[in-house]
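1. here's my sequence, what's the structure:
(5 chains, ligands or ions: 5)
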Amino acid sequence: MNDIDIAAADALLGTDATRFRHDYLEVRGLRVEFDGFVAVRDVDLTVTQGDLRFLIGPNGAGKTTLIDAVTGLVRATGSAAFGGTELIGRATHRIARAGVGRTFQTASVFEELTVLQNLDIAAGARRRPLTLLRRRGATPPVVERALETVGLTALRDTPAGVLAHGQKQWLEIGMLLVQDAHLLLLDEPVAGMTQAEREETGELLRRIGSQRVVVVVEHDMEFLRSFADSVTVMHQGRVLAEGTVHEVQNDPAVVEVYLGTTEGDLP
Amino acid sequence: MDIVAQLFAGLSLGSVLLLAALGLSLTFGQMGVINMAHGEFMMAGAYTAFLIQAVVGDAGVSLLLALPLGFVVGGLLGLLLEATLIRRMYRRPLDTLLVTWGVALVLQQVARDVFGAPNVDVRAPAWLSGAVEIGGLAWPRTRLFILALATACVVALALAMRATPLGRRIRAVVQNRDLAEASGISSRSTDRITFFLGSGLAGIAGVALTLLGSIGPTLGTNYIVDAFLVVVAGGIGQIKGTVIAATALGLMQAFLEYSTTASVAKVLVFVAIVAFLQLRPQGLVSVRTRSLA
Amino acid sequence: MTALTALVRPGRARTLAAFGLAAGLLLLAPAVLSPFRLDLLAKFLCLAMVAVGIGLAWGRGGLLTLGQGVYFGLGAYLMAMHLKLADAGPGGVPDFMLLYGTGQVPGWWEPLRSPVAAVLLVLLVPAALAALLGWAVFTRRVRGAYFAILSQALAAAFAILLVGQQQTTGGTNGLNGFRAFFGYDLADPVNKQMLYLIAAGVLLLMVAVVRLLTVSRFGELLVAVRDGEDRVRFLGYDPALVKVVAYVVAAVTAAVGGALFVPIVGIVSPADVGVVPSIGFLVGVAIGGRTSLLGPVLGSIAVSWAQTSISEQFPSGWIYLQGALFVLVVAFLPGGLASVAAARFRRRPEERIPA
Amino acid sequence: ACGARVDGGGDGTSAAAESCVDTSGESVKVGFLNSLSGTMAISEQTVHDALQLAAEEINADGGVLGKQLEIVSEDGRSEPTVFAEKAGKLITSDCVAAVFGGWTSASRKAMLPVFEAQDSLLFYPVQYEGLESSPNIFYTGATTNQQIVPALDYLAEQGTESLFLVGSDYVFPRTANKIINAYAEAHGIEIVGEEYAPLGHTDFSTIVNKVKSAGADAVFNTLNGDSNVAFFKEYNNAGMSAGKMPVVSVSIAEEEIGGIGVENVEGQLTAWNYYQTVDLPANATFVEAFQARYGEDRPTSDPMEAAYTSLHLWRAMVEKAGSFAVDDVVAAADGVTFDAPEGEVVVNGENHHVAKTALIGKIGADGLIHTEWSSGEPIEPDPYLEGYDWADGLS
Amino acid sequence: MLELSGVTTGYGRTVVVHGVDLTVPRGALTAVLGHNGAGKTTLLRAVLGLLPARAGAVRLDGADVTSLATHQRVRRGIAYVPQGQQSFGRLSARENLRVVADAYGRDGRRRTDEALDLFPALRDLLGRQAGLLSGGQRQQLAIARALVTGPRLLVLDEPAEGIQPNVVTEIYDAISALTAAGDLSVLLVEQHIGYAVEHAAGFVVLASGRVVHRGSGGADAAAGARKALAL
Ligand SMILES: Nc1ncnc2c1ncn2[C@@H]1O[C@H](COP(=O)(O)OP(=O)(O)OP(=O)(O)O)[C@@H](O)[C@H]1O
Ligand SMILES: Nc1ncnc2c1ncn2[C@@H]1O[C@H](COP(=O)(O)OP(=O)(O)OP(=O)(O)O)[C@@H](O)[C@H]1O
Ligand SMILES: NC(N)=O
Ligand SMILES: [Mg+2]
Ligand SMILES: [Mg+2]
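-> Ligands and ions are numbered 1, 2, ... in the order given. Take a look at the predicted model:
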């Protein structure tokens, strides 16, 4: 199994760290409603660069819906701005062009395309039409570095459809990197990974988080304890608590609805 | 314009479309199979009625026999198609369109070789010929009969899908075959039953059509495009939507035809459907999904 | 390795060789075929042009378009209208309008008097219609079976429309009886041969262009859209745009095929553009191999050829054969015959790959 | 190198390739071109059968100019384009001396330029809309003044004051209705409605509603093919009948009646030039031969008879000319006669049609059509209706 | 209870699982560990018959079920919770359970109630369309659905994935209770080695589709498992 290569990530992230340096995600009064059922209500959230933010909360709390709203997948009211750009109300592909990238709770890569082609496409949204009509020459350097970063160099010509679950998740992270997303919204990125793989992914996320704005949704408390800079807890569509790992863990409301009292070896 | 007469003409056309589309709402709507041979199953139902009449003689008895037997014949053809070809193709829905189109071609030619190219006629029973006079208007009996038949089929199918274990099983298998298998449901037999039912409905539709026109090898091709449009406009997999769409299309065709011509009406109906799908791309009644989830 | 990746990169050398071989064979044909057979081959080449576009839109982009008859028909009718007007001479009225119409040339025919305008319109009208329809349909995320059925309805509507406008479109009769093609006498065998060579050249050009598109990044993007439209959206692309481009390319190849079909065959009628011929275009593509480059072309030519020659001997036998072949190939060999060929090429090296 | 241009330069008159017909052997080839598949197969198969019968008779009778006929049969597949292609093949590849076939006007219009360009001969056996006379086609079915005009005369004679026109949406019905409109205007008949249904249309409730509420004296029906069945069933079901409002049809022949169901059309009128019931010795022989060849239950009809006649007429022309060459045959055509099942027919060498007797028939309970009215003698063909003042504006 | 001998399987031309031998004793939990892509899911699919075994045999209570269809194996007492929070998306949550319960009559209804007792949150969601539930809600539903078949062998593919911590605890407590009562055997794929190994009677570590380590479970076996995995 190939491993994640943090050094390669440095090269990748170093390519353009200035453009969005002072950007942050600012969510104000966000609300999502499905046929009268309010999945997200009055959510305020601010995430800055260098603050690896974890978003937790019971199943059905509205975490995925929040990400959906920010990326234009569901209709929402209120405001969510990144880099001074209002995202709510924009078409999904325009939100992506504003520097917002996400992964999905169930991995979704282009199964018929190779790992390399997946990354190349992710790298290309800002290409001019004429470039699109040309054949890819040499592998673009960003793609090369992304392959190394997520440890898939050896599998570059493998169709993504045959990757194992975890490999697909890494590929997705790689795609976000080459896509040059500066706000990364990751929905349960380490689900299904072994302990060792989680640690590697965590290191990678920490590295990315220092240069980009990153929000991670996870239920794995061990992972959270190791890597979160700050935590937001959602419950029934609202923000229940926010703070450091320590603060949140000791918040009785959070223990009550989410953590439970018997915290063993389990997440 | 005689509004009442046209309303009835529209409803009646709608009921014919509905009969043709109802089976598709199962095989296409539920199972995702684009069965272009559905029209040929209708044709088979119609020829069944013809054969039964040739044997039985009495038009009334033979019609009543033809309805269940047409169902069985259509159903068996569907079963055969499912067992030989379709079952290999559930993961390639668009390809089913092509395969079944090939099957349709062959079935048409079989009919031509067996029954001859000329159309044949099935006599309507005396109690269905002519019209009943109500309120100074003549209501053709055959049309009333088809309306009632379509209604009965819809009610039966809706009940079966909503309220029976079979209905649940059918819907479960369609959504996730592996998961259904892993939940102890035989997807093979469920597929077969579903296809049997959907194709059987085509057989019934074919029997009904013998009351309206002649039957020939190309009977089905006249209905297949319209029937698919009904299912699409209604919202795939939605019986309610199919009923509304068939009725709306029938009425629209009838009224447009009255004020323009049959050809123009047909083109306008197509244009209206394209425009409608602009407003509701998932059809009239749609099930929401969380995409990618 | 999936068939797809194998076909994307069969190597430049082999592609060039296959292309050269095809070009050579096409150039050789006039020397060995009787004028009648050459005419037939020219007609098959026109139909193959439609197949090239379908190969791109369907094979790569997953857009099962059952309505290519519309674009084929637009190209054909526009060309036919021009030829009718040219035959009628400056200010003249086409013969059928004198017979069944008002005896006046309708305004929307007039632009087609100019040969330059005719050529431009043959390219632009279908492209514009495809862009418009594609845009309307794809931005609303109508896809898969919905799109297939809508496109089929479109073909049905188009044919009905043509039939219903007898005074201006010739109705069921269609348009025929052309004497000249841009001034060249269509009864002259030399000119017919010239037409064949034009068709062969245009087809080869189309294949080359589609090949370039396929191996370009656009080609990869098209596959990505086919497999994960929403995902593509999250990468910042507008998938509708990608599909529209493929659909327009397919429309233009079909239209050009139609435009050349007219002088070669001498007639176009609604029976050439409706639902049945539209599905018919797919038969060759599927049998040849939808995802491959030459599969659609060769499949289409082979099917047309078989239809003409087998149906000469066994009218109903052909229908059984066509039906059976189509069913078997699509059901059991989704890659078409191209996948068999590809497998043959690949066999030896693969045996060395350890399991 | 480029070939001839039409506008000057080169030899602009570059004629078609020389005919390749081979008459040196024991036999000579003729082509049959009918739709053996597709929607028109229903009708055209019967024409094909009648042609086959005629060929067998001629061969048994010593052939044409002593040469046996060798039949090359092609399937037009109900598509005009295929007709054009197959006509080309028969002429240039099979080198047949003449081609027999076609049914819809669309198929004839498609073949016409091919026959003219290749200077070959087509014999077309179906009643049609007139306004045509190609030097390379012989029309052995009726033109309008031999079918539609007599039918209108008959209706007028019966006191019909208003008509409703129902037809399929294509060239024959539309042109026929143009003629009917002109006739009606001149004769004080009111046209109260005119409706077209696409070929293959099967839901006639709206059209029948319109017919019903318009309340005409009679309906003039130019529907073709399957639509007739749906139309008449709907007509009956709506409570209409020959008694209430008769329908005159020009495209329903004996073999369609079975498909429609006798009970749905009994008592309705048709206009043709031949019925199976025609009481002539030549017809008795024809019907007997046909049924002996194809089965007792097979009816004979006008287009079949016209097709059968066309092959015999060609033979007579060739023998009169003493040559198979197209020019010679055409030159010899005028005045050629044949004792056809419908009665003696005479070829008009000028417009290439045949003189035919018009018959109005009534559909009987036996499924056959019985002559109600006859023009008595053959009517000279007048495809452009030049002999009719009211038709001045038509062409 | 369940016995795999020499099971080999894969996709298309690629063989993913090579000759795996494995036994799940009655009333005990057996864990399968391994890296991403090691072939764990693939192995489970072979147990269920969703992938045909190319070699080897699957025995259930001594009977060879290798040639049985998946649903037949389920009828014989295997239940499966696949990876990835799968549900019948267009059916309501209630119908998701009923479609399974239908086949078991009264028992089915009783077991539905029992399963809902284990996941009380589901009771409020029964009327909702399953495809619209959150990932964790769907996963709870998936486990409940598996329990409705009244299994003797429960096959779980990373069942805790996506489920909130306190519910995970409950799930494992329930599984422990069921196995302890001796009615249920469990075959578990789990990344949280600590838990899996502690409650397991035995475990295997899979690498590249082969068993590279076997161990017996228990509180102090986790270290051994981690070591085997790190190799
Ligand atoms: N499209 C939709 N229609 C109706 N309800 C929805 C829709 N999408 C989400 N919901 C509901 O909104 C609530 C929030 O769901 P969401 O997926 O955001 O939860 P989550 O916090 O991501 O949970 P998990 O941790 O289980 O993934 C759930 O109750 C879900 O059923
Ligand atoms: N449908 C498929 N077609 C081809 N190869 C596949 C397919 N599914 C999985 N594979 C391959 O089989 C191998 C094992 O995959 P599997 O899903 O069994 O791994 P896993 O151990 O369950 O991993 P994870 O922990 O990520 O769930 C992977 O390398 C993958 O490439
Ligand atoms: N000539 C005809 N009937 O089309
Ligand atoms: Mg979620
Ligand atoms: Mg797995």
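2. closest residue of the stretch 151-300 of chain C to ligand 2?
-> residue C:227 (13.8 Å; Cβ to the nearest ligand atom). C-beta: built from backbone N, CA, C; applies to glycine.
3. which residues does that residue contact?
-> Counting by Cβ atoms under 8 Å, 6 or more residues apart in numbering or on different chains, residue C:227 makes contact with A:110-113, C:62.
4. and the pLDDT at the closest residue to ligand 5 within chain A?
-> Using Cβ to the ion, the single residue of chain A nearest to ligand 5 is residue A:165, 5.2 Å away. pLDDT, the model's per-residue confidence, is 76 for residue A:165.
5. list the contacts of the residue nearest to it when sequence neighbours are not counted.
-> Residue nearest to residue A:165 in three dimensions, not counting chain neighbours: residue A:192, with 4.7 Å by Cβ to Cβ, 6 or more residues apart in numbering or on different chains. Shown in contact with residue A:192 (Cβ under 8 Å, 6+ apart): A:165-166, A:169, E:36, E:83, E:158, E:161, E:191.
6. kindly tell me how buried residue 155 is, as a neighbour count.
-> Going with chain A. 20 (other Cβ atoms under 10 Å in any protein chain shown).
7. actually it's chain C I care about, not the one you picked
-> Neighbours of residue C:155 using other Cβ under 10 Å come to 27.
8. ok, residue E:223 next?
-> 11.
9. element containing it, please.
-> helix E:222-230 (DSSP states H and E).
10. just residue D:123 next, same as before
-> Take DSSP H and E as the rule and residue D:123 turns out to sit in strand D:122-124.
11. and the next helix or strand past that strand?
-> strand D:137-139.
12. and the contacts of residue C:227 as a markdown table, adding distance to chain E, neighbour count and secondary structure?
-> Shown next, in a markdown table, are the contacts of residue C:227 (distance: Cβ to the nearest Cβ, whole Å; neighbours: other Cβ atoms under 10 Å in any protein chain shown; DSSP: H, G, I helix; E, B strand; the rest coil):
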| residue | distance to chain E | neighbour count | secondary structure |
| --- | --- | --- | --- |
| A:110 | 18 | 27 | coil |
| A:111 | 12 | 17 | coil |
| A:112 | 14 | 22 | coil |
| A:113 | 17 | 26 | coil |
| C:62 | 21 | 21 | coil |
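13. and chain B, which of those reach it?
-> Of the residues in the contacts of residue C:227, proximity to chain B by Cβ under 8 Å from any Cβ of the partner chain holds for residue C:62.
14. if I look at the residue of the stretch 151-300 of chain C closest to ligand 2, how far off is residue A:118?
-> Taking Cβ to Cβ, to the nearest Å as the criterion, residue C:227 is separated from residue A:118 by 10 Å.
15. give me the common contacts of the two.
-> What both residue C:227 and residue A:118 touch, as defined by Cβ under 8 Å, 6+ apart, is the set residue A:110.
16. surely residue D:357 and residue D:377 touch.
-> Yes - judged on Cβ atoms under 8 Å, residue D:357 makes contact with residue D:377 at a distance of 6.5 Å.
17. look at these two and report which has more neighbours.
-> Set residue D:357 next to residue D:377 and count neighbours by other Cβ under 10 Å: residue D:357 wins out with 21 against 10.
18. the closest residue to ligand 3 within the stretch 51-200 of chain A: neighbouring residues, count only.
-> Nearest to ligand 3, among the residues of the stretch 51-200 of chain A, is residue A:133, at 50.3 Å (Cβ to the nearest ligand atom). Residue A:133 is flanked by 15 other residues according to other Cβ under 10 Å.
19. residues contacting it?
-> When contacts are counted by Cβ under 8 Å, 6+ apart, residue A:133 is found next to C:212-213, C:216-218.
20. got the confidence number for it?
-> 70.
21. same thing with residue E:158?
-> Looking at residue E:158, the pLDDT reads 89.
22. isn't it right up against residue E:191?
-> Yes - using Cβ under 8 Å, residue E:158 is in contact with residue E:191, at 6.4 Å.
23. find the nearest non-adjacent residue to residue 173, please.
-> In the absence of a named chain, chain A is used. Leaving out its chain neighbours, the residue that sits closest to residue A:173 by Cβ to Cβ, 6+ apart is residue A:150, at 5.9 Å.
24. wait, chain D was what I had in mind.
-> Nearest one to residue D:173, counting by Cβ to Cβ, 6+ apart, is residue D:167 at 2.8 Å.
25. so how far is chain E from that neighbour?
-> To chain E, residue D:167 is 48 Å away according to Cβ to the nearest Cβ, to the nearest Å.
26. ok, residue D:330 next?
-> Distance from residue D:330 to chain E, by Cβ to the nearest Cβ: 69 Å.
27. so what's that residue closest to, chain neighbours aside?
-> Excluding its sequence neighbours, the residue lying closest to residue D:330 (Cβ to Cβ, 6+ apart) is residue D:135, at 6.5 Å.
28. name all residues that make contact with that neighbour.
-> Contacts for residue D:135 (Cβ under 8 Å, 6+ apart) come out as D:116, D:330, D:352.
29. so where's chain D shaky on pLDDT?
-> Low-confidence segments of chain D (pLDDT under 70): D:1-3, D:6-18, D:395.
30. switch the cut-off to 80
-> Along chain D, segments meeting pLDDT under 80 span D:1-19, D:37-42, D:199-200, D:225-226, D:259, D:393-395.
31. for the stretch 51-200 of chain B, same thing?
-> Checking the stretch 51-200 of chain B against pLDDT under 80 turns up B:91, B:117-119, B:136-137.
32. stretch E:181-192 vs ligand 2: in contact?
-> No - Stretch E:181-192 does not reach ligand 2 (Cβ under 6 Å from any ligand atom); its nearest approach is 6.8 Å.
33. averaged pLDDT, that stretch. What do you get?
-> Stretch E:181-192 shows a mean pLDDT of 86.
34. ok, is that stretch in contact with chain B or not?
-> No - applying Cβ under 8 Å from any Cβ, one finds stretch E:181-192 separated from chain B by no less than 13.4 Å.
35. isn't there a strand covering the residue nearest to residue A:165?
-> No - Residue A:192: not assigned to a strand; according to DSSP: H, G, I helix; E, B strand; the rest coil it is coil.
36. so for residue 220, what pLDDT did the model give?
-> You didn't pick a chain, so chain A it is. 89.
37. please go with chain B instead
-> In this prediction, residue B:220 carries a pLDDT score of 88.
38. now the helices for the stretch 101-250 of chain B?
-> B:141-163, B:165-175, B:177-182, B:187-209, B:221-234, B:239-259 (DSSP state H, counting those that start in this stretch).
39. packing partners for the first one?
-> Using 3 or more Cβ pairs under 8 Å, 6 or more residues apart in numbering or on different chains; DSSP states H and E as the contact criterion, the elements in contact with helix B:141-163 are helix B:3-24, strand B:131-134, helix B:165-175, helix B:187-209, helix B:239-259, helix D:227-237.
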